[in-house]
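# no sequence on this one, just coordinates:
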């Protein structure tokens, strides 16, 4: 019969440290040592889900039971008015579980991660911790301002300093009558027992204490120095042996020392749901999470290997509660042994002995860009734990290249378990409740199906809906007004081209032929963006040609990397600039440095230059910096940008059509009587064209080739990252030459590339088409449109583009063809 060894035996025997108190203490706590000038010993909880992998039912059950005791103590009325506050980093999950037990109490936990734009509502110090500064960053500052009881939750209650610091700080800001202190263990010494009573007397408040067990730690004379010497000696031995962070026990069953690459699992996290209590977690948030847990858990179950027997769900520092709840759901719906623990910034000595609480540790660099700079992070008791699967759950702020790099957390896990899964929860960033100066001009983005035929999560349109306004004008009238200077092209809309049966057949044939090539370009440009621009970019497509590309890039990041990238569409108008109100909205909700502008293709680079000028003007007018005007495009035949999927000028089927391949959205509109100074630019949603809409069909056809395109896209991206991609602006030079050669003398009437030429034929009054000699299938639709409109196609030997569209340079009313005669479309 195996004898169970208490996991504090090793420290107790060597240092004479004793736990005295309730008989449950030895089951709740073990002992370890750490290099800390304030306290060498560490009480290691067996039921917290931090250092020691434990059944999630046990972890959650202890917190929930403490919450129920608080509810009974307060009574239903006061419990309903209570707010629960947990401590980072070890008690964030415990506090949340307590809040669940209390019932309807909102929850907030302290954090060591400052969030730009969120002012702290309080802060305090943790006396014995290796990292002391705590911030309180509630989204709603009223959360801490109520008169109801404040329930403060920590894993252990030792000296009482942390709790006392918190109560004094918060009471000075928001006085209240009652506080409740909750801990798994109350380990105060005799000298500290009266401090809470004294605090209550000083502040004239009531302070109660609820704990699962109580006792004290007896420390012999000189224990700090002897503990530090012991830590130094064992660390030196481990360093000499080269085994400071390697366990000398067998690897996980079936691993054979070989692990597969970490695999992402898309959870389907509910939009706008906080990832924890850093900024507050309300009863409504709790209900949304409960409703979403079964579906998210089902995705994890599907990803588990069929032969999985022992699975660890590993949280990340302050992110404890969500991994715990996922682990608990897995435990309930599978027959697999599930354990839960969390990484930490706390350095602890590892000793492979059954009488010691920390038997192994993995060391890896911090991967969430911490405010206090780079440093080591740790995962304890994972190596040698016999896990055949580890599910690492991180928030998107921690899903950085450092997470995936050699020596990073995923790499370390892969050395000790055959299967590693990665689940990323979007980091919740609060929306300010008050936006100075411009509160009314920043509405939420429009989304499908109310606006566009795209799914609501595919894109948010930073536009106003002008669907009920008559904006269409005949092509001839628009062209005359634009060229005469009487109107700007963005003040009206062309009549939507209705494709013939033959033209629709051309579109579908082109899509079938080019879907793989497009998928490769989508993959290449997305990989470049993730590698160079931001690991968590905010995609902002230039409506509307850029929007299908933005959706495809978002889908690629989702499919290949498990990333849920925000995607918005904004308006930019040649000669008028980008929608400044859209930039203000983006700056209010995202870091401008993460914004990546996306377009379909480049022609001569006019929009590239327009965006650069507009961003410069915006920085000067608003004082908001950080937006990078460098556009990411699918195709860059004009050599105008550095971030592209290809520089070939080929047919992109989304250029063949207008709204029916762009979510049924019109071109954007900017007219003074419709768009005020505090409005987004406008656009129309052509619901009446739903029967001929191919927007989603286009996206699905390209996305279906993502797996086939992955290898080529990765290779091209790697090649491009090492190459000189500086723009040569060869397209602009060619346009200037053509403008002079053909006597046009206006570069705005020269539209280079397949995409721009198609636009000329669909929206403007075309004069002639220049086609590169030998161009084949990529021009089939151009030739058909030119034939329908009576426009000649002239083959040119030395042409840097596949084709160039020339707009009628000397427009007369009614001209639609080369000779100015009206031709039926």
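Happy to help now that I have it. The structure presented is a predicted model; accordingly, all values stated were derived computationally and were not measured.

# what's downstream of the helix or strand of the chain with the lowest mean pLDDT, the next helix or strand?
When the helices and strands of the chain are scored by mean pLDDT, DSSP states H and E, helix 475-484 comes last with a mean of 52. In the C-terminal direction, the helix or strand that comes right after helix 475-484 (DSSP states H and E) is strand 493-494.

# which other helices and strands contact that following strand?
strand 472-473 (3 or more C-beta pairs under 8 Å, 6 or more residues apart in numbering; DSSP states H and E). The way it works is simple: take the backbone N, C-alpha and C, and place the C-beta from them, glycine included.

# What average pLDDT does the strand it packs on get?
Across strand 472-473, the average pLDDT comes to 70.

# How about stretch 17-30?
Here the average pLDDT along stretch 17-30 is 93.

# Show me what counts as buried in it.
Across stretch 17-30, burial judged by 16 or more other C-beta atoms under 10 Å covers 17, 19, 21, 22, 25, 26, 28, 29, 30.

# what does stretch 360-377 give?
Going by neighbour count (16+ other C-beta under 10 Å), the buried part of stretch 360-377 is 360, 361, 362, 364, 366, 367, 368, 370, 377.

# Ok, stretch 6-17 next?
6, 7, 8, 9, 10, 11, 12, 15, 17.

# now do the same end-to-end measure for it.
When the termini of stretch 6-17 are compared using C-alpha to C-alpha, to the nearest Å, they are 13 Å apart.

# Residue 543 is in contact with residue 568, isn't it?
No: using C-beta atoms under 8 Å, residue 543 and residue 568 do not qualify as a contacting pair, with a distance of 9.4 Å.

# Mutual contacts of these two, please.
residue 461 (C-beta atoms under 8 Å, 6 or more residues apart in numbering).

# The two: which is more packed in?
residue 543 (28 against 24; other C-beta atoms under 10 Å).

# so what's that one closest to, chain neighbours aside?
The shortest distance from residue 543 to any non-neighbouring residue, by C-beta to C-beta, 6 or more residues apart in numbering, is to residue 569 (4.2 Å).

# how far away is the residue nearest to residue 726 when sequence neighbours are not counted from residue 636?
Among residues not flanking residue 726 along the chain, residue 642 sits closest, at 6.8 Å (C-beta to C-beta, 6+ apart). Residue 642 sits 9 Å away from residue 636, going by C-beta to C-beta, to the nearest Å.

# Neighbour count: the two, which is higher?
Taking other C-beta under 10 Å, residue 642 and residue 636 do not tie; residue 636 has more neighbours (30 against 17).

# what's the pLDDT at the closest residue to residue 89 other than its chain neighbours?
Distances taken as C-beta to C-beta, 6+ apart put residue 318 closest to residue 89, at 4.8 Å, once the chain neighbours are dropped. Per-residue pLDDT puts residue 318 at 96.

# looking at it, residue 318 is touching residue 109, isn't it?
Yes: Residue 318 is within contact range of residue 109, at 7.1 Å (criterion: C-beta under 8 Å).

# With respect to residue 100, which of the buried residues of stretch 6-17 is nearest?
Closest to residue 100 out of the buried residues of stretch 6-17 is residue 7 (27.9 Å), distances taken as C-beta to C-beta.

# and the closest one, which of the three is it?
Under DSSP: H, G, I helix; E, B strand; the rest coil, residue 7 falls in the coil class.

# residues contacting it?
Taking C-beta under 8 Å, 6+ apart as the test, what residue 7 contacts is 30, 31, 44, 46, 52, 354, 355, 356, 357.

# Quick check: phi and psi at it.
Dihedral angles of residue 7 (phi, psi; degrees, to the nearest 10) stand at phi -80, psi 10.

# just the helices in the stretch 601-750 of the chain please.
Assigned by DSSP state H, counting those that start in this stretch, the stretch 601-750 of the chain shows helices spanning 606-622, 695-703, 706-721, 730-741.

# The longest helix seen in the chain - contacts with which helices or strands?
Longest helix in the chain, counting residues (DSSP state H): helix 501-528. Contact analysis of helix 501-528 by 3+ C-beta pairs under 8 Å, 6+ apart lists helix 546-561, strand 631-635, strand 643-646, helix 695-703, helix 706-721, helix 780-789 as its packing neighbours.

# Could you list the buried residues of the one helix or strand residue 198 maps to?
In this structure, residue 198 sits in helix 195-203 according to DSSP H and E. Across helix 195-203, burial judged by 16+ other C-beta under 10 Å covers 196, 199, 200, 203.

# So for residue 238, what's the pLDDT?
So residue 238 comes in at 67 (pLDDT).

# before we move on, what about the one 10 residues further on?
With respect to pLDDT, residue 248 scores 37.

# Equivalent analysis for residue 620, please.
At residue 620, the model reports a pLDDT of 77.

# Around it, how many other residues sit close by?
Residue 620 has 8 nearby residues by other C-beta under 10 Å.

# What of the one 5 residues further on?
Residue neighbour count, defined by other C-beta under 10 Å, stands at 11 for residue 625.

# How much space separates it from residue 594?
Separation of residue 625 from residue 594 (C-beta to C-beta) stands at 13 Å.

# can you check residue 781 too?
Taking C-beta to C-beta as the measure, residue 781 and residue 594 are separated by 37 Å.

# More neighbours: these two, which one.
Legend: neighbour count by other C-beta under 10 Å for residue 781 and residue 594, higher for residue 781 (25 against 20).

# Quick one: residues contacting the more buried one.
Counting by C-beta under 8 Å, 6+ apart, residue 781 makes contact with 503, 506, 507, 510, 651, 656, 758.

# Hmm, the first one is touching residue 782, no?
No: taking C-beta under 8 Å as the definition, residue 503 is not a contact partner of residue 782, at 11.0 Å.

# And those two? Which one has more around it.
residue 782 (26 against 17).

# what's near enough to touch the closest residue to residue 649 other than its chain neighbours?
Spatial nearest neighbour of residue 649, chain neighbours left out: residue 637 (3.6 Å); criterion: C-beta to C-beta, 6+ apart. By C-beta under 8 Å, 6+ apart, the residues touching residue 637 are 601, 602, 603, 647, 648, 649, 731, 752, 753, 800, 801, 802.

# Filter those residues down to the buried ones.
Taking 16+ other C-beta under 10 Å as the criterion, what is buried in the contacts of residue 637 is 601, 602, 603, 647, 649, 731, 752, 753, 800, 801, 802.

# Export the residues you listed as TSV, with columns for pLDDT and distance to residue 172.
Shown next, in TSV, are the buried ones among the contacts of residue 637 (pLDDT from 0 to 100; distance: C-beta to C-beta, whole Å):
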residue	pLDDT	distance to residue 172
601	81	60
602	80	58
603	71	62
647	88	63
649	78	67
731	74	64
752	81	67
753	80	65
800	76	70
801	82	69
802	84	71
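
# quick one on the thing from earlier: quick check, nearest of the buried residues of stretch 17-30 to residue 229?
Using C-beta to C-beta, residue 17 comes nearest to residue 229 of these, at 14.5 Å.

# helix or strand for residue 63, which one?
Assigned by DSSP H and E, residue 63 falls within helix 56-81.

# list the helices and strands that helix packs on?
Counting by 3+ C-beta pairs under 8 Å, 6+ apart, helix 56-81 packs on helix 92-102, strand 150-157, strand 178-186, strand 206-218, helix 321-333, strand 337-342.

# and among those, the most buried is which?
Sort these by mean neighbour count, taking mean count of other C-beta atoms under 10 Å, and helix 92-102 sits at the top with a mean of 29.

# same for the helix or strand following that helix, what does it pack against?
Downstream of helix 92-102, the first helix or strand assigned by DSSP H and E is strand 107-109. Packing partners of strand 107-109 (3+ C-beta pairs under 8 Å, 6+ apart): strand 83-86, helix 92-102.

# follow-up on the earlier one: mind putting the buried residues of stretch 6-17 in a markdown table, distance to residue 578 included?
What follows is the buried residues of stretch 6-17, written out as a markdown table (distance: C-beta to C-beta, whole Å):
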| residue | distance to residue 578 |
| --- | --- |
| 6 | 66 |
| 7 | 61 |
| 8 | 63 |
| 9 | 67 |
| 10 | 64 |
| 11 | 63 |
| 12 | 67 |
| 15 | 66 |
| 17 | 65 |
